[in-house]
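Asks: Need coordinates for the following:
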Amino acid sequence: MAVEVTVPMVGKIVKVLVNVGDQVKEDDEIAILEAMKMEMPIVAPCSGTIKEIRVKAGDDVEADTVLAVIE
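Replies: Residues are numbered from 1 along each chain as shown. Coordinates of the predicted model:
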């Protein structure tokens, strides 16, 4: 079952820390979001394999934008 990882608020993607095919565990950091002049980690909600990455560093994102898909 695929799980979409979403961005919690409006901001800018500072860094993507994973690549397609990477194995992640629940609570692993997968990206860094800058919002309200603070950097916040976006963490994996579950363990699995990164199947898609839909953003890149420098992208402006809205709340609930899909960052990645974990399967």
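
Asks: where's stretch 45-54 relative to the chain centroid, distance-wise?
Replies: 9 Å (Cα atoms, centre = their mean, to the nearest Å).

Asks: can you give me the end-to-end distance of it?
Replies: 16 Å (Cα to Cα, to the nearest Å).

Asks: Stretch 41-49 too?
Replies: So stretch 41-49: terminal residues 19 Å apart, Cα to Cα.

Asks: which residues are contacting that stretch?
Replies: 3, 5, 7-8, 21-33, 67, 70-71 (Cβ atoms under 8 Å, 6 or more residues apart in numbering). To be clear about C-beta, it is placed using only N, CA and C from the backbone, and glycine gets the same treatment.

Asks: switch the cut-off to 6 Å
Replies: Stretch 41-49 is contacted by residues 3, 23-33, 67, 70-71 when judged by Cβ atoms under 6 Å, 6 or more residues apart in numbering.

Asks: Closest one of these to residue 16?
Replies: Set against residue 16, the nearest of the contacts of stretch 41-49 by Cβ to Cβ is residue 31 (5.0 Å).

Asks: where's the nearest residue to the closest one once chain neighbours are set aside, which helix or strand?
Replies: Spatial nearest neighbour of residue 31, excluding adjacent residues (Cβ to Cβ, 6 or more residues apart in numbering): residue 42 at 4.4 Å. Residue 42 is part of strand 38-43 when elements are defined by DSSP states H and E.

Asks: Perfect, I'm done here.
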